[in-house]
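Next come a sequence and a model predicted from it.
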Amino acid sequence: MKLVFNLDKVKVTEFGVGREDATGQSFVLLPVDFGVQSALREMVEATWNAMQSDGGKPAPYQPSEKHAATEYLYLPLKDELATTLRDLHQAANLEIHVNALDEPADVFCYFARLRDDKQRYLTALRRATQFKGTLKKKNRLVRMLDDTLQIIEDKVFKLDNDFDLLVDSTFLHILRPSGFEFAGRLQQAILDAVPGNIEVVQQDIVFVDFDSIQEYALKHPRAARYLASIRGQAETKNIDRNALRRLCKSTGVEITNVNGKITIAAGHEMGFLEVLDRRRYELELVKGQPERFKASSRTKLT
């Protein structure tokens with residue numbers, strides 16, 4: 001996958017932080033000198049190089065998957081799960097706040113915004129863990145001044161070696177899925193999306209009563225993630241009613257028929273979502289001894 005940006009023709013580099021306090025979440029810019037700008041560009045290049053280390057062929061981000069700590073994934077910028085980062089990337093007039101680091105505890109991420117020679121923008125973001133790490137009281141930072149080592153009394157912030165993700169005009173390029181989920185406030189976004197996801201899936205599978213699934217998913221983030229994945233895969237069209245009933249029966253998901261619709265028994269909501277997400281299956285390698293399995297991850301074979 002290519003980056004819709006020219007890293008060799010960067011004309012402008014900006015630095016900012018994401019802050020969260022009693023008034024809510026906000027993103028602001030801070031003025032930085034040429035040295036910091038250069039360091040930020042080096043971090044962006046290191047991030048992109050890390051993404052290319054596995055051949056530069058990312059897998060799509062799927063909220064139901066258990067992704068590795070470091071794994072190159074992508075998500076279309078227009079996706080609902082990209083809303084927070086899309087808004088940051090497309091923000092036209094971010095406020096400049098010179099005192100944004102006065103309360104380090106409020107900083108949850110930092111970011112760079114780059115502009116190339118074709119006026120294209122690239123946003124790079126990192127969760128602010130190491131960035132704030134040097135502020136802990138147990139740290140004793142020193143520097144050489146007048147041939148003498150002295151304690152640094154000022155607040156010191158440490159940049160990381162790379163970013164968690166990059167955003168161009170088309171995609172989110174994700175290097176650390178956990179950093180993306182944290183900065184994008186994904187858990188709440190996925191829970192908020194439950195009614196809309198139910199509506200879309202219901203249109204494809206009209207013979208299923210999804211009321212209990214919606215009620216369950218609104219209270220259980222993992223179920224909400226499966227539901228988001230089911231919608232995102234767009235593989236619910238043309239599901240056969242009888243085939244669905246057979247798969248539920250063979251994999252231990254209890255369903256009943258109420259007023260002509262398949263209704264999921266209490267306690268089996270997660271199992272039904274796993275069926276729709278292609279995670280429950282049955283094998284019979286030994287004749288007469290069927291075995292049921294649940295996949296922690298799934299990759300379609302070609």
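Nice, thanks for sending it over. Numbering: from 1, shown residues only.

Please count neighbours and contacts with C-alpha atoms only from this point.
Will do.

Which helix or strand lies directly C-terminal to whichever strand or helix holds Cys248?
If you go by DSSP states H and E, Cys248 is part of helix 241-250. Reading on from helix 241-250 to the C-terminus, the next helix or strand found by DSSP H and E is strand 255-258.

in that following strand, what's buried?
Within strand 255-258, the residues that count as buried by 16 or more other Cα atoms under 10 Å are Ile255.

and it, what does it pack onto?
strand 261-264 (3 or more Cα pairs under 8 Å, 6 or more residues apart in numbering; DSSP states H and E).

Show me what the following helix or strand past the strand it packs on packs onto, helices and strands only.
Downstream of strand 261-264, the next assigned helix or strand under DSSP H and E is helix 269-276. Applying 3+ Cα pairs under 8 Å, 6+ apart, one finds that helix 269-276 makes contact with helix 211-217, helix 221-233, helix 241-250, strand 280-283.

which one of those is the most hemmed in?
Of all the helices and strands packed on helix 269-276, helix 221-233 has the most neighbours on average by mean count of other Cα atoms under 10 Å, namely a mean of 21.

How about residues contacting that helix?
Residues outside helix 221-233 that contact it (Cα atoms under 8 Å, 6 or more residues apart in numbering): 62-64, 187, 190-191, 193-194, 197-198, 200-201, 216-218, 236, 270, 273-274, 276-277.

cool, stretch 116-128 as well?
4-7, 9-12, 44, 89, 107-115, 162-169, 179, 182-183.

in the stretch 151-300 of the chain, what spans have low per-residue confidence?
Applying pLDDT under 70 to the stretch 151-300 of the chain picks out residues 151-156.

before we move on, back to that, give me the distance from the helix holding Cys248 to the chain's centre.
32 Å (Cα atoms, centre = their mean, to the nearest Å).

Would you list the buried entries among the contacts of helix 221-233?
Looks like the contacts of helix 221-233 have 62-64, 187, 190-191, 193-194, 197-198, 201, 216-218, 236, 270, 273-274, 276-277 buried, using 16+ other Cα under 10 Å.

Which among the contacts of stretch 116-128 count as buried?
Using 16+ other Cα under 10 Å, the buried members of the contacts of stretch 116-128 are 5, 7, 10, 44, 89, 107-115, 162-169, 179, 183.

Filter those residues down to just the ones in helices.
Members of the buried ones among the contacts of stretch 116-128 lying in helices (criterion: DSSP state H): Val44, His89, Gly179, Ala183.

domains of this protein?
As assigned by automatic domain parsing, the chain contains the domains 10-184, 193-294.

Lys300: which of those domains is closest?
domain 193-294 (9.6 Å; Cα to Cα).

Endpoint to endpoint, that closest one covers what distance?
Length of domain 193-294, first residue to last, Cα to Cα, to the nearest Å: 25 Å.

outside of the lengthiest strand in the chain, which residues touch it?
Criterion DSSP state E: the longest strand present in the chain is strand 10-21. Strand 10-21 is contacted from outside by 25-32, 37, 40-41, 100, 106-117, using Cα under 8 Å, 6+ apart.

from the chain's centre, how far out does that strand sit?
The answer for strand 10-21 is 19 Å, by Cα atoms, centre = their mean.

Would you mind listing the buried residues in that strand?
In strand 10-21, counting by 16+ other Cα under 10 Å, buried: Val10, Thr13, Glu14, Phe15, Gly16, Val17, Gly18, Arg19.

Next, format these as JSON lines and append distance to Phe293.
Converted to JSON lines, those look like this (distance: Cα to Cα, whole Å):
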{"residue": "Val10", "distance to Phe293": "51"}
{"residue": "Thr13", "distance to Phe293": "51"}
{"residue": "Glu14", "distance to Phe293": "50"}
{"residue": "Phe15", "distance to Phe293": "48"}
{"residue": "Gly16", "distance to Phe293": "47"}
{"residue": "Val17", "distance to Phe293": "45"}
{"residue": "Gly18", "distance to Phe293": "42"}
{"residue": "Arg19", "distance to Phe293": "44"}
